[in-house]
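**Student:** just need the structure, nothing else, for what follows:
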Amino acid sequence: MQSLTSKITKFSLLLASAALLSGCVNPTKQQHIALVGAWQIISIDGRLIDSSTASMQFSEQGTMSGNNGCNAINASYRPFKDHLNLSPIASTRMACAAESAADEQAFNSAILQVEHFLVQDNLLLLTDEQDQTLISLRR
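**Tutor:** Presented below is the predicted three-dimensional model:
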């Protein structure tokens, strides 16, 4: 009879463990979900961006599209924990006004240094290896 009790106890523990594990949410998946959506670029390297077109949009399928202040951009991305792995960014090559061209240059320089991301409420921070903010965005 002790053998049956032991088996029931082990089975109960197994079921409880499975229930606990199924209730856990993968933190990487949570970060990815938080990243998905449209974001307005509000600053690059601490400089405010006054452009309604400067934006980035992250899809659930791993694509990023948007505008660097002057030209349309797109890339693929893969988040892993707090790391943001971006493919090389493709961009249109339209001529821009001087201020828009400066925003574009700042973006193109900053995006090459992005290593990490942090989503806090309606704010997305793209940071470098030392977690210094390069690009700030809001929903």
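**Student:** so, low pLDDT: which residues of the protein?
**Tutor:** Low-confidence segments of the chain (pLDDT under 70): 1-29, 31.
**Student:** and the helices in it?
**Tutor:** For the chain, the helices defined by DSSP state H occupy 2-23, 27-35, 98-111.
**Student:** nearest the middle, which residue of the protein would you pick?
**Tutor:** The centre of the chain sits closest to L35, judged by Cα atoms, centre = their mean, with a distance of 4.1 Å.
**Student:** that one touches L118, doesn't it?
**Tutor:** No - counting by Cβ atoms under 8 Å, L35 stays clear of L118, with 9.8 Å between them. Every residue, glycine included, has its C-beta placed from N, CA and C.
**Student:** overlap in contacts, the two.
**Tutor:** Residues touching both L35 and L118 (Cβ atoms under 8 Å, 6 or more residues apart in numbering): L124.
**Student:** wait, A106 touches R47, no?
**Tutor:** Yes - between A106 and R47 there is a contact under Cβ under 8 Å: 6.6 Å.
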